[in-house]
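1. Could you look at this predicted model? Sequence included:
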Amino acid sequence: SQQGEEDPQALSIQEGENATMNCSYKTSINNLQWYRQNSGRGLVHLILIRSNEREKHSGRLRVTLDTSKKSSSLLITASRAADTASYFCATDAGQGGSEKLVFGKGTKLTVNP
Amino acid sequence: DVKVTQSSRYLVKRTGEKVFLECVQDMDHENMFWYRQDPGLGLRLIYFSYDVKMKEKGDIPEGYSVSREKKERFSLILESASTSQTSMYLCASSPAGTAFNQPQHFGDGTRLSIL
């Protein structure tokens, strides 16, 4: 049961530019998380934003959440080649007390040196 | 730092074999998860466990079983491997409570090929 959908599927930028990725979801959520996955590795948690928050920062990362539009965005500022990875959003399945996260299919980001 | 260790990075098995994938976490987490990741399909939850000897089916449990005899170890079992189970398998863990309230910590994955 797909919940989050990332957009675009792929993004290629130059080092130093900003990268913006979007996530849309279908049902109400309690929280939304963003993860990064380097090629051939596991996922690494980046940031969690709660449904009553609108914006959150962590270093060069900025996440926004618009519950009225059922969407979130991840902005990476001043990108580096090391930011090359796939980025996933994840939401709870909309059921209170669930231990499950539902992941989108990801945005593949390439940062060219 | 939380460490989730999967026993093999790459594994090749034959159709019909019984396959065991092992996962160990060192942070005393209650919740553990098994996902498979396929191109174009993203991550799909196979099984999860919120306590020793407890298990819950995820979205695609058919053809799989799990075992959690100790808190730190969660095993995924392919009862009779088929080529459709060729995939990347990811194990994750998180502390007690609802998973959407906290991050999941992932291992580096096992790339399994069934011939």
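-> Alright, I've got the coordinates.

2. so what's residue B:31 up against?
-> Contact analysis of residue B:31 by C-beta atoms under 8 Å, 6 or more residues apart in numbering or on different chains lists A:99, B:48-50, B:93-96, B:99, B:104. For the C-beta atoms, the positions are set from N, CA and C on the backbone; glycine is no exception.

3. Need the pLDDT of the spatially most central residue of chain B.
-> Closest to where the C-alpha atoms of chain B average out (C-alpha atoms, centre = their mean) is residue B:34, at 2.6 Å. Per-residue confidence (pLDDT) for residue B:34: 97.

4. Would you state the strands of chain A in chain order?
-> Using DSSP state E, the strands of chain A run over A:5-7, A:10-14, A:19-24, A:31-37, A:43-50, A:55-58, A:61-66, A:71-76, A:85-92, A:101-103, A:107-112.

5. quick revisit: residues touching the residue nearest to the centre of chain B, list them.
-> B:21, B:23, B:45-48, B:58, B:64, B:66, B:74, B:76, B:89-91.

6. What about the closest residue to residue A:44 other than its chain neighbours, how many residues nearby?
-> Leaving aside its sequence neighbours, residue A:44 sits nearest to residue A:36 (C-beta to C-beta, 6 or more residues apart in numbering or on different chains; 5.0 Å). By the criterion of other C-beta atoms under 10 Å in any protein chain shown, residue A:36 has 21 neighbours.
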